[in-house]
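sequence? don't have it. structure:
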Ligand code: THU
């Protein structure tokens, strides 16, 4: 038997420690939570993605009475960015959530499995890291790329 381990560095920063560009992205993600359509979960998520040319695109979770037809904020933002700016690689994503009382979460949420899968492909398409900022009022978790969020992931290389 052989044992190995996967190490994932995680930075935790306070808002004051972010760069102005990061704060701008965070503000867009926070704003996006107010455009969420979440009449079923009452859980409002916003995601903002920064493209290579500095453009910021945001999205929010969009629910549906047929529950699985809804979409998470991350995929809404990524799919919108890729359909609107197909030649601009995604460089960074910031994710924010408000709870059923409307308060920003103290501890950040992290993307669901399906969103990680979509982000992994966006990262491979971009050809370089997509940095992830997960906002919580007590601290902002920063993961250096999507591969770290989805270790041992499945990608197109397995299809060849
Ligand atoms: N949701 C997101 O938009 N992103 C996540 O990372 C986790 C969950 C949404 C889906 C659903 O509308 C609501 O939050 C509750 O799961």
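Sure thing, it's come through. Predicted model, so just to flag it, every value in this text is computed and none were measured.

what strand or helix carries residue 30?
If you go by DSSP states H and E, residue 30 is part of helix 20-33.

quick one: buried residues of that helix?
Neighbour-count burial for helix 20-33 flags 22, 24-26, 28-30, 32-33 (criterion: 16 or more other C-beta atoms under 10 Å). To be clear about C-beta, it is placed using only N, CA and C from the backbone, and glycine gets the same treatment.

stretch 71-83 too?
Of all the residues in stretch 71-83, those buried under the rule 16+ other C-beta under 10 Å are 71-78, 81-82.

still on that earlier bit, out of the buried residues of helix 20-33, who's near the ligand?
With C-beta under 6 Å from any ligand atom as the criterion, those include none near the ligand.

want to throw these into TSV with pLDDT?
Listed next are these as TSV, based on pLDDT from 0 to 100:
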residue	pLDDT
22	97
24	98
25	98
26	98
28	98
29	98
30	98
32	98
33	98
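
now residue 25: closest residue in space, sequence neighbours ignored.
Distance criterion C-beta to C-beta, 6 or more residues apart in numbering; nearest residue to residue 25, sequence neighbours excluded, is residue 94 at 4.6 Å.

I should have written residue 91 there, sorry.
In this structure, residue 91 finds its nearest non-sequential neighbour in residue 50, 5.1 Å apart by C-beta to C-beta, 6+ apart.

now the one you found. Its backbone dihedrals?
Dihedral pair for residue 50: phi -100, psi 130, per degrees, to the nearest 10.

go on, residue 16?
Main-chain dihedrals, residue 16, degrees, to the nearest 10: phi -60, psi -20.

mind checking how far it is from residue 23?
Per C-beta to C-beta, to the nearest Å, residue 16 is found 9 Å from residue 23.
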